[in-house]
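> coordinates for the following, if possible.
(2 chains)
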Amino acid sequence: MTLRATRPLMRGRERVGTGQKIPETWPLDDPFVADCLRRKWIADDNDDDNDGSDSGGETDSPSLETSVPNVRIVDAGGQAMRARVAP
Amino acid sequence: MSLGTTADPEARGWALDACYGPSKSSKWPDSVLLALFHGDPTTGGTELAATGGYIAVVIDNTSIDNFPDAVGPDWEKLLGVSVLFAPSTGAFSDDADYWAFLSPDGHILDSGPINDPVTGAPLAISVTAADTIVRFLAGQLSILTS
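Numbering: from 1, shown residues only, chains lettered A, B, ... in the order given. Here you go, the predicted structure:
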C-alpha cells in the first residue's frame, strides 16, 4: 500500500525549507505523510492499481480518505510472544 | 501457541516463516486480518465492535514485503509494511489494548499487547471521535518465540 500525490502538479513540489520533494509514491511510515494528508497533497490509491485514484483497480485496501481535514494518527506497536515447550 | 521442543533460535524463525509470508504452510491462510482487541484475546478479550468505523485490516499473507523472512539474532517475524486502519467515523466501542492476527474464518493466529512504539510502554488506544487513524508502522509488529 502506497500513497500517491493527488495532483500531478504536487509531484516534485519541494517541502519548504528542507529540500525534500514529494515523490510519486512513498511508504506510509514517512512522518511527512501526516502533514501531506492534512494538506490533501496525497491520497491512498485504495484499489492498488497505482494510478493515484480510487477506481479501476482489482482489489480494495483499507481506506485512507483524504477528505479527512484534521486526521489524528495514533501510532502503535506490539509483539506476540509464542511460548516454547521445554525439552 | 507452542512450536515444539527445538532450542535452535534460527529453526524457530523458520517455523514462523512457515506461518507468515511466501514460505508459509498451505494450512495457514493466504490473508490474515489485523484486529484490535479490548483485553487479551487468549483469555476472553474481545475484538472491538464494528462501530465508529472500526474494521480489521486485511493483509496478504503470501507477500514477502508484508512478512519478510525472520532474521537473527532474535529471529523475530516482523510485519514489514505499515498498516493503517480506516479513519474513525466516531467513537470505537472500547479501548484497544491488544492486537491479533486472525484467519478469515476467525481463528486467533497470534496476539499480543499493544505498546507505545517509542517507549515500549503498554498502550490503550482510545478513539473517541471521528478522524482518527490507528497506525502500525513497518517493523513495529512482531512475533517472537521465547
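
> hey, which strand is longest across chain B?
For chain B, the longest strand by residue count, based on DSSP state E, is strand B:132-145.

> just the CA trace of that strand, in PDB.
Taking Å, rounded to 0.1, in the frame of the first residue of the first chain, the C-alpha atoms of strand B:132-145 are listed here in PDB:
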ATOM      1  CA  THR B 132      -8.500   9.200  14.000                       C
ATOM      2  CA  ILE B 133      -6.300   6.700  12.200                       C
ATOM      3  CA  VAL B 134      -4.600   3.900  14.100                       C
ATOM      4  CA  ARG B 135      -1.300   3.100  12.500                       C
ATOM      5  CA  PHE B 136       1.300   0.300  13.000                       C
ATOM      6  CA  LEU B 137       4.500   1.400  11.300                       C
ATOM      7  CA  ALA B 138       6.600  -1.100   9.400                       C
ATOM      8  CA  GLY B 139       8.600  -3.200  11.800                       C
ATOM      9  CA  GLN B 140       6.500  -2.300  14.800                       C
ATOM     10  CA  LEU B 141       4.600  -5.500  15.000                       C
ATOM     11  CA  SER B 142       6.500  -8.700  15.600                       C
ATOM     12  CA  ILE B 143       6.200 -12.300  16.600                       C
ATOM     13  CA  LEU B 144       8.800 -13.900  18.700                       C
ATOM     14  CA  THR B 145       9.300 -17.300  20.200                       C
END
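
> partners of that strand in the sheet?
According to DSSP bridges, strand B:132-145 forms sheet pairs with strand A:72-82 (parallel), strand B:77-78 (antiparallel), strand B:83-84 (antiparallel).

> quick one: mean pLDDT over the longest one.
Spelled out, it's strand A:72-82. Here strand A:72-82 scores 90 as its mean pLDDT.

> got JSON lines for the strands paired with strand B:132-145, with distance to B:Gln140 and mean neighbour count too?
Bear in mind the C-beta positions are built from the backbone N, C-alpha and C, glycine included. Shown next, in JSON lines, are the strands paired with strand B:132-145 (distance: least, C-beta to C-beta, whole Å; neighbours: other C-beta atoms under 10 Å in any protein chain shown):
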{"stretch": "strand A:72-82", "distance to B:Gln140": "4", "mean neighbour count": "19"}
{"stretch": "strand B:77-78", "distance to B:Gln140": "8", "mean neighbour count": "24"}
{"stretch": "strand B:83-84", "distance to B:Gln140": "9", "mean neighbour count": "22"}
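
> what's the closest of those strands to B:Val71?
Checking those against B:Val71 by C-beta to C-beta gives strand B:77-78 as the closest, at 8.5 Å.

> name the residues that touch that closest one?
B:13, B:16-17, B:19-21, B:67-68, B:70, B:138-139, B:141-144 (C-beta atoms under 8 Å, 6 or more residues apart in numbering or on different chains).

> mind listing the strands for chain B?
Remark: strands assigned in chain B by DSSP E are B:31-38, B:46-47, B:57-60, B:77-78, B:83-84, B:98-102, B:108-115, B:132-145.

> got TSV for the ones you listed, with mean pLDDT and distance to B:Ser25 too?
Output for the strands of chain B, formatted as TSV (pLDDT from 0 to 100; distance: least, C-beta to C-beta, whole Å):
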stretch	mean pLDDT	distance to B:Ser25
strand B:31-38	97	13
strand B:46-47	97	25
strand B:57-60	93	16
strand B:77-78	94	14
strand B:83-84	88	23
strand B:98-102	97	15
strand B:108-115	97	12
strand B:132-145	90	15
